[in-house]
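# got a structure for you, letters missing:
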């Protein structure tokens, strides 16, 4: 079945640094890759997504890149701020239209 | 517009009991998916319903079941509860098929099995 691997499981950065989270997927039919942010005690919320017909998408300080050949995609956060601290989940839609999530990355941004 | 509503927010049950969780999607959304969230395991897909039909199912035992009503509200049932079923159960709704439209999550129901 579809598998999504996510690394690292935890990431600590200083405020102002960049953070990169990487994911790989196994189903070559996957065509939609969303990223969710979950703050402590809150619901996951979509922060950015990318479809397989583009290689990169940016929204202010966050960007996502997709390499379909290698079957991996990454989240990039620049100029990190303490409020970026949260758990981030990548996900991929399988060929059977199931949204499969990675195991999450806990990002800690220190002032 | 009201968001995705899950009830109850918290539940404590004993082993062997059964439980029913409810999810009301955003008005107009027809797809409802359910996920189990445990520390270290991320979000595990349970099943997805669209127009009262189960479209997809994850790798969970038959003790986990669900249904969707004509108003798109969905329920999830877990029978013969085990300690390992303790988790946060999240539902997500989307206008159409997840992947074609954004999925919005509810606050979740935290189930504790003792």
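Great, that's in hand. If you're wondering where the values come from, they're calculated on a predicted model, not measured in any experiment. Numbering: from 1, shown residues only, chains lettered A, B, ... in the order given.
# how many other residues sit next to residue A:59?
10 (other Cβ atoms under 10 Å in any protein chain shown). The way it works is simple: take the backbone N, C-alpha and C, and place the C-beta from them, glycine included.
# next up, the contacts around it.
By Cβ atoms under 8 Å, 6 or more residues apart in numbering or on different chains, the residues touching residue A:59 are A:47-48.
# give the bridge partners for it, please.
Residue A:59 has the following beta-bridge partners by DSSP bridges: residue A:62.
# next: residue A:100.
When bridges are taken as DSSP bridges, the partners of residue A:100 come out as residue A:92.
# that one contacts residue A:90, correct?
No. With contact defined as Cβ atoms under 8 Å, residue A:100 does not count as touching residue A:90 (9.6 Å).
# between these two, which is the more surrounded one?
residue A:90 (29 against 23).
# just the element for the more buried one, please.
strand A:86-93 (DSSP states H and E).
# next, count neighbours for the closest residue to residue A:101 other than its chain neighbours.
Distance criterion Cβ to Cβ, 6 or more residues apart in numbering or on different chains; nearest residue to residue A:101, sequence neighbours excluded, is residue B:43 at 4.0 Å. Each residue near residue B:43 was counted by other Cβ under 10 Å, and the total is 25.
# do the same with residue A:98
Residue A:98, neighbours per other Cβ under 10 Å, totals 23.
# that one: what's it in contact with?
By Cβ under 8 Å, 6+ apart, the contact set of residue A:98 is A:2, B:45, B:48, B:56, B:58.
# residue B:56 contacts residue A:95, doesn't it?
No. If you go by Cβ under 8 Å, residue B:56 and residue A:95 don't touch, sitting 11.2 Å apart.
# neighbouring contacts of the lowest-mean-pLDDT helix or strand in chain A?
Using mean pLDDT, DSSP states H and E, strand A:99-101 stands out as the lowest-scoring helix or strand of chain A, at a mean of 90. Identification of contacts with strand A:99-101 by Cβ under 8 Å, 6+ apart yields A:2-4, A:25, A:34, A:36, A:89-94, B:33, B:35, B:42-45, B:92, B:98-99, B:103.
# ditto for stretch B:106-114
With Cβ under 8 Å, 6+ apart, stretch B:106-114 has contacts from A:42-43, B:3-15, B:19, B:21, B:23, B:37, B:78, B:81-93.
# are any of those buried, and if so which?
Among the contacts of stretch B:106-114, those classed as buried by neighbour count (16 or more other Cβ atoms under 10 Å in any protein chain shown) are A:43, B:4-6, B:11, B:13, B:19, B:21, B:23, B:37, B:78, B:81, B:85-93.
# which of these fall in strands?
Using DSSP state E, the members of those that fall in strands are B:5-6, B:11, B:13, B:19, B:21, B:23, B:37, B:78, B:87-93.
# centre-most residue in chain B?
A centroid search over chain B (Cα atoms, centre = their mean) returns residue B:34, at 3.2 Å, as the residue closest to the centre.
# for that one, name its beta-bridge partners.
Here residue B:34, judged by DSSP bridges, has bridge partners residue B:47, residue B:91.
# if I pick it, what's in contact with it?
B:23, B:45-48, B:66, B:74, B:76, B:89-91.
# cool, and residue A:19?
A:11, A:13, A:75-77, A:80, A:84, A:107, A:109.
# could you redo the last one with a cut-off of 7 Å?
With contacts defined as Cβ atoms under 7 Å, 6 or more residues apart in numbering or on different chains, residue A:19 is in contact with A:11, A:13, A:77, A:80, A:107.
# show me the shaky parts of chain A.
For chain A, the stretches with pLDDT under 70 are A:1.
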